[in-house]
Each structure stands twice: as C-alpha cells, then as structure tokens.
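*Asks:* need a structure here:
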Amino acid sequence: MPHLEQSRTPLTPEEVELAFEYVLAIQDQSEHGLAAVVDRTRAVPAPSYLLLRLAADIILPVTDLAADADPCADSFALDEVGGVLLAALQEWTQECVPSAIWGVANTIIRFTENVLRQEGEDIVDTLKTMRTEHVERARAAYASGGAHG
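*Replies:* Predicted structure coming up:
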C-alpha cells in the first residue's frame with residue numbers, strides 16, 4: 001500500500017504535542033505562534049515529518065478497512081482514498097519542503113473539520129480534544145513498552 005506503515009513506532013507524547021502545536025498555530029494563522037514552535041524544535045525531527053506522521057495517525061483509523069467490518073465497494077474505495085491522500089502528502093513533503101508544513105497541517109485541519117468535527121463544535125476545540133486523545137495514546141504506547149521497535 002502506498003501510505004505509511006501502521007506498524008511503525010508511534011510518535012512520542014512530546015512529538016504529538018509538538019505536531020499539534022504546529023497545526024494549531026497554522027489554524028490560528030499565527031506567524032508568531034508558528035515561529036515560537038519552530039524556534040523550540042531545532043533538535044527534533046523535521047516538522048513536515050511529524051505532521052505527516054500525525055496525518056497518518058488521524059486519517060488511517062477513519063479510512064482503513066476495519067477488521068470486523070463487512071467489506072464492500074465503498075469500504076475499499078475509502079481505504080484507497082486514505083492511501084492516496086497520505087501518498088500525496090508524503091510526496092509533497094519530499095518535493096516541496098518549504099510549503100509542506102503548511103500543506104500537511106492544512107490537510108489535517110480540513111480533514112478534521114470536514115470528517116471528524118461534530119456539528120456545532122469549534123475546529124480549535126476539536127483539534128485540542130484530538131491532541132489530548134493522541135497524547136494519551138502515545139503515553140500508553142510508551143508506558144506499555146509497545147513502542148520500542
């Protein structure tokens with residue numbers, strides 16, 4: 001499949017926090033906020049890499065074929081849409097590094113707004129709720145020792 005492997009080592013809680021800080025700064029259209037995040041992160045993986053990993057963590061659970069589902073044409077199509085979206089984002093991060101941070105973050109924001117956000121809920125609140133959930137999952141993965149591989 002063309003998208004990132006799900007069996008990879010999960011992001012650390014700190015990387016999840018950082019990736020969501022990028023997304024929230026871009027959502028707020030805060031150049032100062034984004035500059036502050038970039039300034040703090042000189043020693044961590046590239047922002048486009050973190051955002052691409054976060055995008056996979058957000059998109060794949062929604063689009064992948066569920067193990068307990070009855071597969072149908074729509075479920076296979078949705079699986080392929082998720083794979084194509086992630087493959088396009090991955091290629092973008094390799095070919096157009098300067099705009100990749102903005103593009104991947106905006107893709108996460110639009111996907112969240114159009115697919116995951118509950119009716120009437122503010123997108124920033126949705127992103128903050130997702131950040132909390134993803135940080136908790138990362139902590140659980142590292143606490144259980146399942147992230148050492």
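
*Asks:* Which residue lies closest in space to Pro13, excluding its sequence neighbours?
*Replies:* Nearest residue to Pro13, sequence neighbours excluded (C-beta to C-beta, 6 or more residues apart in numbering): Ala138, at 4.3 Å. To be clear about C-beta, it is placed using only N, CA and C from the backbone, and glycine gets the same treatment.

*Asks:* distance of that neighbour from Ala55?
*Replies:* Look at Ala138 and Ala55: by C-beta to C-beta, to the nearest Å, they are 15 Å apart.

*Asks:* between those two, which one's more packed in?
*Replies:* Counted by other C-beta atoms under 10 Å, Ala138 and Ala55 do not tie: Ala55 has more neighbours, with 24 against 20.

*Asks:* show me what contacts Glu17?
*Replies:* 131, 135 (C-beta atoms under 8 Å, 6 or more residues apart in numbering).

*Asks:* Please put the alpha-carbon coordinates of the helix or strand the residue nearest to Pro13 falls within into CSV.
*Replies:* According to DSSP states H and E, Ala138 maps onto helix 123-143. Provided in CSV are the C-alpha atoms of helix 123-143 (Å, rounded to 0.1, in the frame of the first residue of the first chain):
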residue,chain,number,x,y,z
ILE,A,123,-12.5,23.3,15.0
VAL,A,124,-9.9,24.5,17.6
ASP,A,125,-11.8,22.7,20.3
THR,A,126,-11.9,19.6,18.1
LEU,A,127,-8.1,19.8,17.5
LYS,A,128,-7.4,20.3,21.2
THR,A,129,-9.6,17.3,22.1
MET,A,130,-7.7,15.2,19.5
ARG,A,131,-4.4,16.4,20.8
THR,A,132,-5.3,15.2,24.3
GLU,A,133,-6.5,11.8,23.0
HIS,A,134,-3.4,11.3,20.8
VAL,A,135,-1.0,12.3,23.7
GLU,A,136,-2.8,9.8,26.0
ARG,A,137,-2.5,7.1,23.4
ALA,A,138,1.2,7.9,22.9
ARG,A,139,1.8,7.8,26.7
ALA,A,140,0.0,4.4,26.9
ALA,A,141,2.1,3.0,24.0
TYR,A,142,5.4,4.0,25.6
ALA,A,143,4.3,3.0,29.1
